[in-house]
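In: with the sequence up front, the predicted model follows.
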Amino acid sequence: MDQDTIFSLSSGRPPAAISVIRVSGPSAHEAGEQIAGPLPQPRSAAVRELRDPRSGELLDNALVLRFDAPASSTGEDTVELHCHGGRAVVDALLSALSSVEGLREAQPGEFTRRAFENGRIDLTEAEGLADLIEAETESQRKAALALAEGGLRKQIDRWQRATLQLSAAAERAIDYADEAGSDSEAELSRDCGRLAAELREWLDRPRMEPLKDGVRVVVAGPPNAGKSSLINAMTGQERAIVTDMPGTTRDHIEVPLSLAGYPVLLTDTAGLRETDDEVEAIGVSRAQSLVAGSDVLLWLGEADAAPHHPRIVKVHAKVDLPGRRSVPKGSTGVSAVTGAGLDALLERVSELAKSILPSDALALNRRQAAHLSDAASALDDAEASDDLVLVADNLRAARLAFDQLTGRAGFEDVLDALFSRFCLGK
């Protein structure tokens with residue numbers, strides 16, 4: 001554990017009404033006193049004159065808060081300076097802190113990493129905080145907050161206690177093999193199976209990735225079907241080039257969008273057709289790959305030529321034109337010019353996006369699911385084994401998977417990748 005005392009601006013970039021500068025580490029209180037004079041009582045706030053320890057020059061009048069280890073966000077002694085948010089004020093205070101012996105500027109995510117290393121949060125809560133910082137839609141915010149507030153950690157704690165009890169029962173059965181009966185071994189096996197089944201239920205839930213990355217909604221069809229015009233109408237921006245010339249779109253265009261609070265990645269594609277143009281042919285090939293990998297497909301071609309897809313919306317575009325006003329059964333009529341049918345289309349896309357996103361705020365990401373799958377597999381092996389020694393060994397493997405899930409038995413590369421996502425001061 002790095003014993004340096006660190007500091008950083010923890011609020012947004014100035015100018016602002018108020019800026020928050022955080023200091024954390026063994027010398028935090030001493031540094032705070034050099035700049036603010038006597039500190040207030042722990043977990044209390046007081047107005048203090050902030051002065052440069054080198055010259056005694058008055059830098060600002062600010063609100064000062066003190067937190068004592070381990071009852072702080074990082075688990076260390078901490079001081080927060082809530083100062084005026086002008087650039088000159090913030091720069092002067094950061095310069096004053098850098099002059100204090102033993103202090104250095106924090107690295108991105110270092111405050112949160114210290115909170116993790118001091119046991120204030122586990123790895124799932126740290127992942128939730130990272131997601132919360134990056135959240136752009138309401139559904140992303142709710143999912144990230146559920147993680148950050150320990151929703152998954154509490155569930156994992158329950159699984160860990162249950163697995164520990166099973167391990168104790170297995171070890172007891174080994175020590176008293178002559179006294180233990182077949183009924184107790186059968187009960188141990190059933191309990192392992194029940195816990196494994198519960199983990200499998202969690203693994204079957206929708207994952208976090210579509211919620212974080214956005215539901216991929218691909219707009220596809222032949223050239224001049226109105227795909228780019230529809231993209232522009234759905235986003236309310238001129239994001240795609242629209243002309244009467246077939247094959248205008250050579251490569252796909254991605255536009256992030258929030259529909260009813262759900263993240264969507266709207267993708268325009270090249271018109272699907274046979275072509276001798278080498279560049280257009282590459283675009284068509286990419287479009288076919290995007291169609292195959294889409295979460296939701298908006299098809300603007302003939303309804304009977306639509307590809308098979310589990311979540312497809314057949315769009316009858318250009319209903320404002322003569323000869324296009326009759327909408328085929330099963331299709332949604334839309335005009336990018338007049339806006340007719342656009343609200344109904346957006347509502348349908350929102351419904352389909354919602355169907356593949358987590359209905360519960362708690363959802364597993366890829367890393368969490370991998371470790372939970374390891375735990376479930378170990379419990380399955382424990383249930384299937386007739387050898388108590390192997391049962392105990394499998395239960396130890398399940399406990400290790402839970403420890404890797406929470407970061408108690410983590411990997412430095414995982415931690416480095418996670419905390420590098422944080423900004424300075426977090």
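Out: Good, I have the coordinates.
In: next, count neighbours for residue 176.
Out: For residue 176, the count of nearby residues is 10 (other Cβ atoms under 10 Å). (Each C-beta comes from the backbone N, C-alpha and C, glycine too.)
In: now do it against residue 188, distance only.
Out: Note on residue 176: its distance to residue 188, by Cβ to Cβ, to the nearest Å, is 13 Å.
In: quick check: buried residues in the helix or strand hosting residue 168?
Out: Counting by DSSP states H and E, the element that carries residue 168 is helix 151-175. With burial defined by 16 or more other Cβ atoms under 10 Å, the residues of helix 151-175 counted as buried are 151-153, 156, 159-160, 162-163, 166-167, 169-173.
In: can you give me the end-to-end span of stretch 294-312?
Out: The stretch stretch 294-312 measures 10 Å between its terminal residues, going by Cα to Cα, to the nearest Å.
In: can you check stretch 214-233 too?
Out: For stretch 214-233, the end-to-end distance is 19 Å (Cα to Cα).
In: distance from the chain centre to that stretch, please.
Out: Stretch 214-233 sits 27 Å away from the centroid of its parent chain (Cα atoms, centre = their mean, to the nearest Å).
In: likewise stretch 378-391?
Out: On Cα atoms, centre = their mean, the centre of stretch 378-391 falls 35 Å from that of its chain.
In: how is the chain partitioned into domains?
Out: According to automatic domain parsing, the chain is divided into the following domains: 5-117, 123-199+367-406, 211-355.
In: quick one: closest of these to residue 421.
Out: With Cβ to Cβ as the measure, domain 123-199+367-406 is the member of these nearest residue 421 (4.6 Å).
In: low-confidence ranges in the stretch 101-250 of the chain?
Out: Applying pLDDT under 70 to the stretch 101-250 of the chain flags residues 177-183, 238-250.
In: okay, helices next: where are they in it?
Out: Ranges of helices within the stretch 101-250 of the chain are 110-117, 123-134, 138-148, 151-175, 182-203, 209-213, 227-235, based on DSSP state H, counting those that start in this stretch.
In: likewise for the stretch 301-426 of the chain?
Out: Using DSSP H, counting those that start in this stretch, helices in the stretch 301-426 of the chain cover 342-355, 366-384, 388-406, 412-419.
In: kindly reformat those as JSON lines and extend each row with distance to residue 33, mean neighbour count and mean pLDDT.
Out: Listed next are the helices of the stretch 301-426 of the chain as JSON lines, based on distance: least, Cβ to Cβ, whole Å; neighbours: other Cβ atoms under 10 Å; pLDDT from 0 to 100:
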{"stretch": "helix 342-355", "distance to residue 33": "54", "mean neighbour count": "17", "mean pLDDT": "93"}
{"stretch": "helix 366-384", "distance to residue 33": "42", "mean neighbour count": "20", "mean pLDDT": "96"}
{"stretch": "helix 388-406", "distance to residue 33": "37", "mean neighbour count": "21", "mean pLDDT": "94"}
{"stretch": "helix 412-419", "distance to residue 33": "29", "mean neighbour count": "14", "mean pLDDT": "62"}
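In: tell me the pLDDT of the residue lying closest to residue 83 once chain neighbours are set aside.
Out: Distances taken as Cβ to Cβ, 6 or more residues apart in numbering place residue 62 nearest to residue 83, at 4.0 Å, with adjacent residues excluded. With respect to pLDDT, residue 62 scores 97.
In: element containing residue 62, please.
Out: Going by DSSP H and E, residue 62 is in strand 58-67.
In: show me what that strand is packed up against.
Out: helix 28-36, strand 45-51, strand 78-85, helix 87-98 (3 or more Cβ pairs under 8 Å, 6 or more residues apart in numbering; DSSP states H and E).
In: do you know which of those lies nearest residue 139?
Out: strand 78-85 (31.0 Å).
In: that closest one to strand 58-67, inter-axis angle?
Out: Following axes from the mean of the first three to the mean of the last three Cα atoms, to 10 degrees, one obtains 140 degrees for the angle between strand 78-85 and strand 58-67.
In: direction included, what does strand 78-85 pair against?
Out: Looking at strand 78-85 with DSSP bridges, its partner strands are strand 16-24 (antiparallel), strand 58-67 (antiparallel).
In: put together TSV for the ones you listed, with mean neighbour count and distance to residue 226 on each row.
Out: Compiled in TSV, the strands paired with strand 78-85 are given as follows (neighbours: other Cβ atoms under 10 Å; distance: least, Cβ to Cβ, whole Å):
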stretch	mean neighbour count	distance to residue 226
strand 16-24	20	45
strand 58-67	19	57
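In: for residue 293, which non-adjacent residue is spatially closest?
Out: Nearest to residue 293 is residue 216, by Cβ to Cβ, 6+ apart, at 7.0 Å.
In: quick check: bridge partners of that neighbour?
Out: Under the criterion used here (DSSP bridges), residue 216 is bridged to residue 265.
In: where's it relative to residue 34, distance?
Out: 54 Å.
In: quick revisit: okay, the helices of the stretch 301-426 of the chain in a markdown table with distance to residue 3 next?
Out: Below are these laid out as a markdown table (distance: least, Cβ to Cβ, whole Å):
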| stretch | distance to residue 3 |
| --- | --- |
| helix 342-355 | 48 |
| helix 366-384 | 29 |
| helix 388-406 | 25 |
| helix 412-419 | 18 |
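In: who wins for proximity to residue 110 among the ones you listed?
Out: Per Cβ to Cβ, nearest to residue 110 of the helices of the stretch 301-426 of the chain: helix 412-419, 7.3 Å.
In: quick one: contacts for residue 156?
Out: Contact analysis of residue 156 by Cβ atoms under 8 Å, 6 or more residues apart in numbering lists 122, 124, 402, 405, 406.
In: actually, residue 66.
Out: With Cβ under 8 Å, 6+ apart as the criterion, the residues that contact residue 66 are 29, 32, 39, 40, 41, 42, 43, 44, 78, 79.
In: just the buried residues of those residues.
Out: Among these, those buried by neighbour count (16+ other Cβ under 10 Å) are 29, 32, 39, 40, 78, 79.
In: dump the residue contacts of the fifth one.
Out: With contact taken as Cβ under 8 Å, 6+ apart, residue 78 is in contact with 22, 23, 24, 28, 66, 67, 69, 72.
In: closest to residue 280 out of those residues?
Out: Lowest distance from residue 280 to the contacts of residue 78 (Cβ to Cβ) belongs to residue 22, with 54.5 Å.
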